[in-house]
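Peer 1: structural data only, the sequence is not supplied:
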């Protein structure tokens with residue numbers, strides 16, 4: 001059984017994984033206390049969504065290897081000296097557990113998913129050729 005060709009960023013397994021975990025975080029964060037709305041809730045939602053947004057942007061820049069890698073690096077390391085978006089989300093997950101907003105097992109599953117996302121992105125960054133648009 002052959003795999004369908006990848007036509008858009010939404011066909012990438014890493015994108016699907018990042019999108020699903022971001023949506024899971026969104027649903028779970030609805031239960032965070034209202035006083036966290038403009039701090040932890042916004043931060044964890046923003047960083048989790050940013051991984052997907054940067055992947056989508058990277059996909060559109062596949063014609064140029066340097067631009068493609070730079071945008072993927074935004075997902076992994078973040079821009080403007082910020083932590084990686086995925087790693088930043090992992091940090092917010094730790095805060096949510098310590099504050100009692102998430103149970104530890106749920107957070108571990110989410111954290112592990114981000115480890116898989118990070119690993120996949122690093123693999124693509126280290127070998128971008130198969131992903132680039134050939135001129």
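Peer 2: Received the coordinates, thanks. Computed from a prediction, not measured in an experiment: that's the story for all the values here.
Peer 1: and the host helix or strand of residue 119, which residues are buried?
Peer 2: Assigned by DSSP states H and E, residue 119 belongs to helix 104-126. Using 16 or more other CB atoms under 10 Å as the test for burial, helix 104-126 gives 107, 110, 111, 113, 114, 117, 118, 120, 121, 124, 125. For every residue, glycine as well, the C-beta is placed using N, CA and C.
Peer 1: show the average pLDDT along it.
Peer 2: For helix 104-126, the mean per-residue pLDDT is 91.
Peer 1: show residues contacting it.
Peer 2: With CB atoms under 8 Å, 6 or more residues apart in numbering as the test, helix 104-126 has contacts from 13-14, 17-18, 20-21, 24-25, 28, 51, 55, 69, 72-73, 75-76, 84, 86-87, 89-90, 93-94, 96-97, 131.
Peer 1: got it, and stretch 85-99?
Peer 2: With contacts defined as CB under 8 Å, 6+ apart, stretch 85-99 is touched by 18, 25, 29, 32, 36, 40, 43-44, 47-48, 50-51, 54, 74-76, 78, 82-83, 102-104, 107, 110-111, 114-115, 117-118, 121.
Peer 1: mind redoing it with 6 Å?
Peer 2: 40, 43-44, 47-48, 50-51, 75, 78, 102, 104, 107, 110-111, 114, 117-118 (CB atoms under 6 Å, 6 or more residues apart in numbering).
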